[in-house]
Each structure stands twice: as structure tokens, then as C-alpha cells.
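K.L.:
My questions concern the predicted model and sequence given below.
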Amino acid sequence: MPDAVIAEAGAHAHHPRLRHHFDTLGQQKAAASLGMWVFIAQEIMFFGGMFTAYLVYRMWYPAGYAAASNELDLTLGGINTAVLIASSLTVAMAVHAAQEGKQNQIVGFLAATLVLGVVFLVIKYFEYEAKFTLHEAHHAAAQVRLFPGAGWFHVDGELAPIASQIRIFMVLYFALTGMHALHMIIGIGLLLAIMNMARKGEFTPKWYTPVEMFGLYWHFVDIIWIFLFPLLYLVNRHH
Amino acid sequence: MDASHPFEYPEYEEHVVPKSVYFGVFGALMVLTVITVAVAFVDLGNLNVVVALAVAVLKATLVVLFFMHVKYSPTITKLVVVSSIVWLGILFGVTMMDYLTRGWLMAPPLMH
């Protein structure tokens, strides 16, 4: 709602988005931001549990980690890293556009983020699909089918002696990237809702909290991937 | 609005990060990604994982400070950010205190 209309509201003279238990929009936004960060802290601990499992098994089974990491698709993983970083930029630009009240740019940058998010998931789908097919190992004389499910997982030849170690790595790979992908899917749902609000012109330079809070969530998901990429794809690549 | 209210955050409402900062951070993140992949193919022994994590921490720090506006956020937000890292450190630290020290205090073999 344009700020001029709000000023004329008279008897109820405050911004329509200002809740009564807050004094100012600035205070309200600081509270929203703080709440979002507490949620992100909780998310860090949620992923932290899986990262801890990764750490312990990496210490115990370096050979399995090295072999399994070399079987992941570095090209697709690298492209996806760039795609996510680009999507973080477009979200940051959407927040910037909201701060400047540029309605079309908000929608445009959010749409760009949506496209990049979908591109990430499509690439991830093809990466996952390859783990369900029996194929020659890239860095060893062996045949592998890496999905760690019963009846699926298969590792023979040179890699047979460390098959169980490779399987543990693949369990962590699917747990970590799977939870990350779930966060992306939830993010895309939130993105669609916020794009709809932006399309209706609900955001003004005085109130654009949903865009900013969505941005925090999306950047957090990006940060998780920033750690997943080297930890999963770059173990012992020099061998 | 009551300007004298102690819980106001005027600077929080008004700070707009210039676009150039966002483009700069984006460029740095891309360059760091290329660096981390390139370094992974060089044999640095145990330092490979250290470099990989150092680059990841640097990238995450750039995202948190600039994309997530923490550099321009109230102190209490910064406190939550730092606390979350400390708590993660406790999770890693206490877990590794167990796993890294297993076998240190094994009883000596019995003499028959």
C-alpha cells in the first residue's frame, strides 16, 4: 500500500504491516530477522549432526571416502555450485530492488532465482539417476552401482575390499545432499508465494520483510552447499 | 514513532548495500570456487582438506556478512550468528574428544 494512503488513514495511523506489539517497523523487522537467525542456528545444528557423522567416518575410513568421492560427478557438482552462488546473487538483488521500491525488478530477480533453483534440482536429478545404474568406475578397475540401498548397492573388482566404506560415504552423500535438496524444494515453494506477493505490489521500501527473510533462508541453503561441495566432491582428487 | 524509544533500530531500516558490493562478493565466490577445485588436484598431503575448508569458511563468511547483511545487523543478531558457530564447535569438539581418544587408555596386556 502506498505510504501516502497510510498517512491519510487518520484514526489508525500506522503502517498496515506494523503489528501492535511493535513500536516501529524497524523494531519489527529486527525481531523478524533475529527470529530467522535463531531458526538458522537450529538448522546449522540439524545439518551439524550429519556433518559430525561425516567427520567421524572420514577419520575412520579415508580410503573409502577417497574412492567414493572420485566416483562423484565433479563437473555437475561444480556447475551446481556456480548455479547456487548465482542464485544467491539474484536473491540479494531482489532484496536490493525491494529496498528501492522497484516492483518489476523484485519479481524479475525472484523469477531468476526460481529458474536457477530449478536448474540446480534438475542437475541433481541426473546426478542421482547415475547412482542407480551399474557402470564402470571412473578411477578404478571396478563396476559400481552407488545408491546405498539394499539390492541396489554394488561394488566389485579393485574396490571390493573397501565396499562397505564406500557404502557409508554414499549413505552420507544421499543424506546430506537429499536434505539439502529438500531445503531447496521448500525454498522454491516459499519463493513462489513471495513472488505472488511481489506481483501484487505488496512490498514497499518500508516493508519487504518476507523478501529479506526468504533471502536469509536461501543464502543459508547456499552456505550448506558451499561446505558440501568440497567435503563430498573434492576428497583426494589428486590421486 | 517515538524517536526516544530505546528499542529502535533506525540504521537497520535504512541500510541499503550498494549493488557493487553484491557483484564483488559474487565474483569473489566464483573465483574461490575455481581455486578450491584447482587446489584439490594438487597433492598437498593433509593440507588439502585444510585448504578446502579454509576456502569454504571464507566463502560462507562473505555470504553471511554481505548477502545476509550481518555486517549491518544489530549486535544481538551477530551474537546469534557467532553462538551458532560456537555450538557447532561444541558438537564437533565433544564428539571428537571421544572418537579421537578411544584406545588412549587401554589397559596394559595381562601378564600370565
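P.N.:
That came in fine, so what should we check first? Numbers count the residues shown, from 1 in each chain, chains lettered A, B, ... in the order given.
K.L.:
Just the buried residues of the longest helix anywhere in chain B, please?
P.N.:
Counting by DSSP state H, the longest helix found in chain B is helix B:75-99. Residues of helix B:75-99 classed as buried by neighbour count (16 or more other C-beta atoms under 10 Å in any protein chain shown): B:T77, B:V80, B:V81, B:S84, B:L88, B:L91, B:T95. (C-beta placed from N, C-alpha, C; glycine too.)
K.L.:
Please see if that helix touches chain A.
P.N.:
Yes: residues of helix B:75-99 contacting chain A under C-beta under 8 Å from any C-beta of the partner chain: B:76-77, B:80-81, B:83-85, B:87-88, B:91-92, B:95-96, B:99.
K.L.:
Residues contacting stretch A:219-232, please?
P.N.:
If you take C-beta atoms under 8 Å, 6 or more residues apart in numbering or on different chains as the criterion, stretch A:219-232 is touched by A:40, A:43, A:47, A:51, A:54, A:69, A:72, A:77-78, A:80-81, A:84-85, A:87-88, A:91-92, A:173, A:176-177, A:180, A:183-184, A:187, B:33, B:36, B:40, B:52-53, B:55-56, B:59-60, B:63-64, B:67-68.
K.L.:
returning to what we had before: now for the longest helix of chain B, which elements pack on it?
P.N.:
Where contact means 3 or more C-beta pairs under 8 Å, 6 or more residues apart in numbering or on different chains; DSSP states H and E, helix B:75-99 is packed against helix A:25-60.
K.L.:
For the helix it packs on, buried residues please.
P.N.:
Neighbour-count burial for helix A:25-60 [16+ other C-beta under 10 Å]: A:25-34, A:36-37, A:40-41, A:43-44, A:47-48, A:50-58.
K.L.:
What angle do helix B:75-99 and it make with each other?
P.N.:
Between helix A:25-60 and helix B:75-99, the angle comes out at 10 degrees (axes from the mean of the first three to the mean of the last three C-alpha atoms, to 10 degrees).
K.L.:
pLDDT (mean, whole number) over helix A:25-60?
P.N.:
Summarised as a single mean, pLDDT over helix A:25-60 is 95.
K.L.:
So whatever helix or strand comes next after that helix, near chain B or not?
P.N.:
Using DSSP states H and E, the helix or strand that directly follows helix A:25-60 along the chain is helix A:62-71. No: judged by C-beta under 8 Å from any C-beta, helix A:62-71 makes no contact with chain B; its nearest approach is 9.6 Å.
K.L.:
Packing partners of the helix or strand following helix A:62-71?
P.N.:
Using DSSP H and E, the next helix or strand after helix A:62-71 towards the C-terminus is helix A:74-99. Contact here means 3+ C-beta pairs under 8 Å, 6+ apart; on that basis helix A:74-99 packs against helix A:103-130, helix A:209-228, helix B:19-40.
K.L.:
tell me which residues of helix A:74-99 are tucked away?
P.N.:
For helix A:74-99, the neighbour count (16+ other C-beta under 10 Å) marks A:74, A:77-78, A:80-81, A:83-99 as buried.
K.L.:
tell me the pLDDT at the residue nearest the centre of chain A?
P.N.:
In chain A, the residue lying closest to the centroid (C-alpha atoms, centre = their mean) is A:V221, at 3.0 Å. You'll see A:V221 listed with a pLDDT of 98.
K.L.:
Now A:V118: closest residue in space that isn't a chain neighbour?
P.N.:
For A:V118, ignoring the flanking residues on the chain, the nearest one in space by C-beta to C-beta, 6 or more residues apart in numbering or on different chains is A:I188 at 7.0 Å.
K.L.:
what secondary structure does the one you found sit in?
P.N.:
Following DSSP: H, G, I helix; E, B strand; the rest coil, the label given to A:I188 is helix.
K.L.:
what do you get for A:V144?
P.N.:
Per three-state DSSP, the secondary structure class of A:V144 is strand.
K.L.:
Please apply the same query to the one 4 residues further on.
P.N.:
Three states are possible here, and by three-state DSSP the one that applies to A:P148 is coil.
K.L.:
re earlier: would you reformat the residues of helix B:75-99 next to chain A as a markdown table and include pLDDT and distance to A:I123?
P.N.:
Shown next, in a markdown table, are these (pLDDT from 0 to 100; distance: C-beta to C-beta, whole Å):
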| residue | pLDDT | distance to A:I123 |
| --- | --- | --- |
| B:I76 | 93 | 38 |
| B:T77 | 93 | 33 |
| B:V80 | 96 | 33 |
| B:V81 | 96 | 30 |
| B:S83 | 96 | 34 |
| B:S84 | 96 | 29 |
| B:I85 | 97 | 30 |
| B:W87 | 96 | 32 |
| B:L88 | 97 | 28 |
| B:L91 | 97 | 31 |
| B:F92 | 97 | 30 |
| B:T95 | 96 | 33 |
| B:M96 | 94 | 34 |
| B:Y99 | 91 | 34 |
